[in-house]
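> I'd like to go over a predicted model; first the sequence, then the structure.
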Amino acid sequence: MRHVLVLAALLFAYPAQAQVNHHNIVLVILDDISTQNIDIYNTSVTNDPPTPNIDALAAVGIRFNNFWVYPACSPFRASLLTGTYPQRHGVGANVTTSVANSSRSEGLVAGVTTIASALHDAGYRTEALGKMHVIGYDTAQNVADFTVASLGFDTFKGQIAGLGSSLFGNGSGTSVSYEKCTDTGSGATCAEETDYHTTDIIDDAITCIQGTEPFFCYVALHAAHKPFHKPTDSLHSYENPGLGGLICTDGSSSDELACYKAMIEAADTEIGRLVNHADFDTTDTTICVMSDNGTPEDTNVIESPEVTGKVKNQLFEGGLDGILVCSGKGVPPQSYNTAASGLANSTDIFATVMELAGLSTTALDSVSLVPIFEDSTATVRTELYVELFRPTGLPAAPNDSLRNERAVRGPQYKMKQDFDANPDTEECYDLDADPTEASPIAVSNCEHLRATLEQFALDPSATQSIPALSVWGVLLLEVLLLGSGLLALAAARRWAL
């Protein structure tokens, strides 16, 4: 009976093939950009890079003020795509390339249910553009573990990882190139690319929105992740960032900071080129712009009130407090130019997209944000959870000594546990009184969050995300359910497929 219930839970976790709304979806991912660097989020800093296009989207859309992301690239992307926490998908830290299998950092499992696979099965055209960083890669064999198609994408144009290992040039160079791979289902072909990477990705995004409908365009920019690649002059207003070179990594604080901010402004400029394109139709398309984590852990680009050690790669708000602005179809006029204070998690993008597309899902860790789209004062969550662990891969080990860190927060208080410390540490913060987490308070103030924290630290072995069951799998499940008196339930589910 226990196995029957597990199978039933897995089956119902997969989106039912209901009537599709033919609602186009565009997700734009910014890299290593905190709320501190976006005008509409931070009015206290006067030297923010200009972001008029993101600001304009918020003016005819909604922004989320409590959107928790991850402090590292891969866990965010894997959680967004699957709608589950790392303990279920296995990507508890950045996916890295390594010759030695013993030190490999595993990515997602081929065939795992993702936003793309669910939409693909419902008749969507699905494209992944730019940075993936969720697929393992064997440098000894010079091959990825599997193709992006195994995650449900019809087309991939971009990089399996980031640009750190494929951006060629130097600080005084006059040209920069990087490897770009294209895969339309018959295997990837890779070639050298010299266009500024943000421009190249947005070029591909414009091609994506010009194709057949409905479409899902997953647009993952590298900006403003290191290496700091100087943008084309026409994309920004900074005077000569990079001191003449195209890669701003010479160690100069002013040089790197100017390049970082120029990359943010350039990303905003190119987002504007996408949403203002004649073929971008807001009457049948929703666009959400979000960040994957906070400011880079680089003293040259960290500005007050953020501090070193509490930004990217850390479970402090400087690494977790993300950007989320959504506009277009599904965001009604009464929500225009509003700021939602309700809690939201990166895993929630999955359920949100499913509802916008007219599909149902019971993804274990995902809650639709559509009610907040419709009423910016609505609440869909009472707590948020995030975790990091190494080594990556499944099954995850909740009690392993390498589980590293986890945190949970409610509307006001946050509890953070660090198992990397010696001894282990546990801290509590009042985010209303101390939003920069300058001083922890007595842990007793966070005792009401402890049960939630322990509840989220589940044994994932019985609830891993798996590929959709085949027709034969459904029939087998019906046989099992028959013995449990649940045939009617099975029949109802089959009609929904």
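Structure's in. What do you need?

> helix, strand, or coil at Met290?
Under DSSP: H, G, I helix; E, B strand; the rest coil, the three-state class of Met290 is strand.

> which residues are in contact with it?
Leu27, Val28, Ile29, Leu30, Phe67, Val69, Gly322, Ile323, Leu324, Val325, Ser346, Ile349 (Cβ atoms under 8 Å, 6 or more residues apart in numbering). The C-beta positions use only the backbone N, C-alpha and C, and glycine is treated the same way.

> what of Phe76?
Phe76 neighbours (Cβ under 8 Å, 6+ apart): Val69, Tyr70, Asp292, Asn293, Ser346.

> and it, which of the three is it?
helix.

> next one: the one 3 residues further on
Classification of Ser79 into helix, strand or coil gives helix, according to three-state DSSP.

> for it, grab the count of nearby residues.
Using other Cβ atoms under 10 Å, Ser79 is surrounded by 29 other residues.

> tell me how far whichever strand or helix holds Glu265 is from the chain's mean position?
Secondary structure assigned from DSSP states H and E places Glu265 in helix 253-275. How far helix 253-275 lies from its chain's middle: 20 Å, per Cα atoms, centre = their mean, to the nearest Å.

> buried residues, that helix. List them.
Neighbour counts over helix 253-275 (16 or more other Cβ atoms under 10 Å) mark 255-275 as buried.

> next: stretch 351-367.
351-357, 359-361, 363-367.

> shaky segments in the stretch 301-450 of the chain?
Of all residues in the stretch 301-450 of the chain, those with pLDDT under 70 make up the ranges 396-403, 421-422.

> just the strands in it please.
Along the stretch 301-450 of the chain, counting by DSSP state E, counting those that start in this stretch, strands occupy 321-322, 324-328, 338-340, 344-345, 384-388, 405-409, 413-418, 425-430.

> one more: the stretch 151-300 of the chain?
155-159, 178-183, 189-193, 215-220, 285-291.

> partner residues bridging the nearest residue to Phe456 once chain neighbours are set aside?
Computed as Cβ to Cβ, 6 or more residues apart in numbering, the closest residue to Phe456 that is not its neighbour in sequence is Tyr385, at 4.4 Å. On the basis of DSSP bridges, Tyr385 is bridged to Val408.

> dump the residue contacts of Tyr385.
Tyr85, Asn345, Asp365, Arg406, Ala407, Val408, Thr452, Leu453, Phe456.

> turn those residues into TSV, including distance to Ile201.
TSV is the format used below for these (distance: Cβ to Cβ, whole Å):
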residue	distance to Ile201
Tyr85	28
Asn345	25
Asp365	28
Arg406	33
Ala407	31
Val408	34
Thr452	38
Leu453	37
Phe456	34
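
> for this structure, what spans make up the helices?
Assigned by DSSP state H, the chain shows helices spanning 2-13, 52-59, 73-82, 86-89, 115-121, 197-209, 253-275, 317-320, 348-356, 370-374, 447-456, 471-482, 487-496.

> report the contact partners of Glu317.
When contacts are counted by Cβ under 8 Å, 6+ apart, Glu317 touches Gly294, Lys310, Lys414, Leu431, Pro435, Thr436, Glu437.

> please tell me how far it sits from Val307.
As for Glu317, its distance to Val307 is 11 Å (criterion: Cβ to Cβ, to the nearest Å).

> where does the stretch 151-300 of the chain dip in pLDDT?
164-174, 242-245, 249-254.

> thinking again about what came up before, from the buried residues of stretch 351-367, which is closest to Asp424?
Asp365 (24.7 Å; Cβ to Cβ).

> give the contact list for that closest one.
Contacts of Asp365 (Cβ under 8 Å, 6+ apart): Ser79, Gly83, Thr84, Tyr85, Arg88, Asn345, Thr347, Tyr385.

> let's see it at 6 Å
Thr84, Tyr85, Thr347 (Cβ atoms under 6 Å, 6 or more residues apart in numbering).

> and for the second one, the neighbour number?
Which is Tyr85. As a burial measure, Tyr85 scores 27 neighbours (other Cβ under 10 Å).

> look at it and report its pLDDT.
Looking at Tyr85, its pLDDT is 93.

> tell me the contacts of it?
Asp365.

> quick one: it from Asn240, how far?
Taken as Cβ to Cβ, the span from Tyr85 to Asn240 is 44 Å.

> and if you look at the first one?
Between Thr84 and Asn240 the computed distance is 45 Å (Cβ to Cβ).

> could you check which of those two is surrounded by more residues?
Neighbour count, other Cβ under 10 Å: between Thr84 and Asn240, Thr84 has more, with 25 against 11.

> for that one, give its distance to Ala78.
Taking Cβ to Cβ, one finds Thr84 at 8 Å from Ala78.

> and Cys248, by the same measure?
Using Cβ to Cβ, Cys248 is found at 29 Å from Ala78.

> and those two? which has more neighbours close in?
Set Cys248 next to Ala78 and count neighbours by other Cβ under 10 Å: Ala78 wins out with 31 against 25.

> can you list the weak-confidence ranges in the stretch 1-150 of the chain?
1-21, 43-45, 97-105, 138-143.

> show me what contacts Asp430?
Counted by Cβ under 6 Å, 6+ apart, Asp430 has contacts Tyr413, Ile441.

> cool, Ile209 as well?
Asp279, Phe280.

> mind running it again at 10 Å?
24, 26, 127, 215, 217, 219, 274-275, 277, 279-281, 285, 287 (Cβ atoms under 10 Å, 6 or more residues apart in numbering).

> which one of the buried residues of stretch 351-367 sits closest to Tyr41?
Once Cβ to Cβ is applied, the member of these that ends up nearest Tyr41 is Thr352, at 19.9 Å.

> OK, contacts around that closest one?
25, 27, 83, 115, 286, 288, 326, 330, 344, 366-373, 380.

> Asn53 versus the closest residue to Thr283 other than its chain neighbours, what's the distance?
Nearest non-adjacent residue to Thr283, counting by Cβ to Cβ, 6+ apart: Lys329, 6.2 Å away. Distance from Lys329 to Asn53, counting by Cβ to Cβ: 19 Å.

> of those two, who's got more company?
Between Lys329 and Asn53, Asn53 has the larger neighbour count (other Cβ under 10 Å), namely 20 against 17.

> on that earlier part again, between the buried residues of stretch 351-367, which is closest to Gly111?
Of these, the one sitting nearest to Gly111 (Cβ to Cβ) turns out to be Ala363, at 16.0 Å.

> ok, now how distant is the closest one from Gln455?
17 Å.

> check Ala438 too.
29 Å.

> what residue, apart from its backbone neighbours, is nearest Thr425 spatially?
Asp418 (4.6 Å).

> Thr419 contacts Ala407, correct?
Actually, residue 419 is Phe rather than Thr. No: the pair Phe419 / Ala407 is not scored as a contact, 11.8 Å apart, by Cβ atoms under 10 Å.

> the two: which is more packed in?
Between Phe419 and Ala407, counted using other Cβ under 10 Å, Ala407 has the larger neighbour count: 24 against 19.

> give me every residue that touches the more buried one.
68, 71, 315-317, 320, 384-388, 414-418, 427, 429, 449, 453.

> pretty sure Lys180 contacts Asp203?
No: Lys180 lies out of contact with Asp203 (Cβ under 10 Å); the separation is 11.2 Å.

> give me the more crowded residue out of these two.
Each of Lys180 and Asp203 has its neighbours counted (other Cβ under 10 Å); Lys180 has more, 21 against 16.

> hmm, back to that, who wins on neighbours among the contacts of Phe76?
Tyr70 leads the contacts of Phe76 on contacts (other Cβ under 10 Å) with 33 neighbours.
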